[in-house]
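In: my questions are about this predicted structure, shown below with the sequence.
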Amino acid sequence: MTQSSTRTRIQVESLTCTIGAELHGVQLSEAAHDAVLHAEIRQLLLRHKVLFLRDQDMTRAEHVAFASRLGPLEDHPVLGSDPDHPGLVRIYKDLDSKPEHYENALHCDATWRDRPPMGAVLRCVETPEVGGDTIWVNMAEAYRRLPGHIRTQIAGLRARHSIEASFGAVLPMEQRHRLRARYPDPEHPVVRTHPETGEKILFVNAFTTHFVNHHTPENVRFGQDHAPGANLLLNYLISQAAIPEYQVRWRWTTNSVAIWDNRSTQHYAVQDYWPAVRKMERAGISGDRPC
C-alpha cells in the first residue's frame, strides 16, 4: 500500500496492473462534505478507473450527496429510482425478481443515451455468502493493445447503440417503439477520447448494434464487406472486453462500494448466486456526448 495524502491518509492498494484500486482510511460520508478529499478521490478514479472501499456504513442521503459531487444524477427509464432519493436505483435480486439478462453481459452503462453516464457509485446492501462478484474492464487498455492495422481501420468509424434492441426487446411492439422515440438510437464514435485524461477508449459494447459508416467504397466489394466484414469486426471489437488481462474482479461484502468511470470501463455483474439474495443501490452520474 502507498499513502497518497498526509492530510486525508488515503491508502491506495492497486488490485491489478491495469485497473482497479482499493482505498483504505476514508469514509465516503465524510468525502461528501469535504471538497479537498472528494477531489483527491476523483483523481484516483481517473488513474485507476474503478475504486473499491469496504465498511462504508452510509445512509442513502450520504450516498447521493457523495455521488452528486461527481455530477448531476440521472434516473433509469426502465429500473426507476428511489422515490425519496432521485437518481438512486435499487437493484434488488431475490426469489421473486424477474430474470435479468443485461447485468450479466459486458457493457458500458446506458450508451443508448446521447450522453451516457460519466460513472456510478454502487453500494452493496446485502450480498450472497458466495458469488455475485462484479468484473470491470479497462477499455483504454483494450484499445492500446489492439493491432495497429485494426486501430487504423476503426479510427473514423461510428456506431449505433440501442435501448430498443436491449431493454426494449421484451416489450410489445408499440411500447418498444415508444421507448425508442424517447431514446432514439444515438451514434457514438467507435473510439472515443476521454474528456479529462485524453486517453483513447474502445467504445463498443453489448448495446452497440452496428456501424453507420463502414459500408463505403474503401470497405465494400460488389455489395459485400471486405474481410473482416462489418459484423465480424464489430464482434471482434466487442470481444476485447472479455480478455482477463484488462479486468479486475471484486468480491462484495455488505457496505462495500465501487466507484467507476463509465467512460473508460465496462462491467459484468456475475449472476451465479441464485437462490441467494443480492441487493445493491446505485447512483448514476450524468455524462457528456462522446467524441
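Out: Okay, I see it.

In: looking at the chain, which helix is longest?
Out: Looking across the chain with DSSP state H, the single longest helix is helix 35-48.

In: let me see the mean pLDDT of the next helix or strand after it.
Out: Counting by DSSP states H and E, the element after helix 35-48 in chain order, helix or strand, is strand 50-53. For strand 50-53, mean pLDDT rounds to 98.

In: likewise for stretch 126-134?
Out: On average, stretch 126-134 scores 95.

In: again with stretch 214-228
Out: Per-residue scores along stretch 214-228 average to 83.

In: now find how far off-centre that stretch is within its chain.
Out: 32 Å (Cα atoms, centre = their mean, to the nearest Å).

In: show me what counts as buried in that stretch.
Out: Within stretch 214-228, the residues that count as buried by 16 or more other Cβ atoms under 10 Å are 214, 219, 225. C-beta here means a position set from N, CA and C on the backbone, and glycine is covered the same way.

In: which SSE is Leu234 in?
Out: Per DSSP H and E: helix 230-239 holds Leu234.

In: elements contacting that helix?
Out: Helix 230-239 sits against helix 148-154, strand 208-211, with contacts defined as 3 or more Cβ pairs under 8 Å, 6 or more residues apart in numbering; DSSP states H and E.

In: what segments of the stretch 101-250 of the chain are strands?
Out: Using DSSP state E, counting those that start in this stretch, the strands assigned to the stretch 101-250 of the chain run over residues 119-126, 134-138, 158-161, 187-189, 191-193, 200-202, 208-211, 220-221, 224-225, 247-250.

In: need the ones you listed in CSV with distance to Ala105, can you?
Out: Output for the strands of the stretch 101-250 of the chain, formatted as CSV (distance: least, Cβ to Cβ, whole Å):
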stretch, distance to Ala105
strand 119-126, 16
strand 134-138, 11
strand 158-161, 14
strand 187-189, 18
strand 191-193, 20
strand 200-202, 16
strand 208-211, 12
strand 220-221, 30
strand 224-225, 25
strand 247-250, 14
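
In: and these, which one is worst for confidence?
Out: strand 224-225 - the lowest mean pLDDT of these, at a mean of 80.

In: so what strands line up beside that strand?
Out: Strand 224-225 pairs in its sheet with strand 220-221 (antiparallel), by DSSP bridges.

In: can you list the residues that contact the strand it pairs with?
Out: His226 (Cβ atoms under 8 Å, 6 or more residues apart in numbering).

In: who's Ala258 bridged to?
Out: Phe52, Leu122.

In: quick one: neighbours of it, just the number.
Out: 23 (other Cβ atoms under 10 Å).

In: hmm, it is touching His48, no?
Out: No - using Cβ atoms under 8 Å as the test, Ala258 is too far from His48 to be in contact (11.3 Å).
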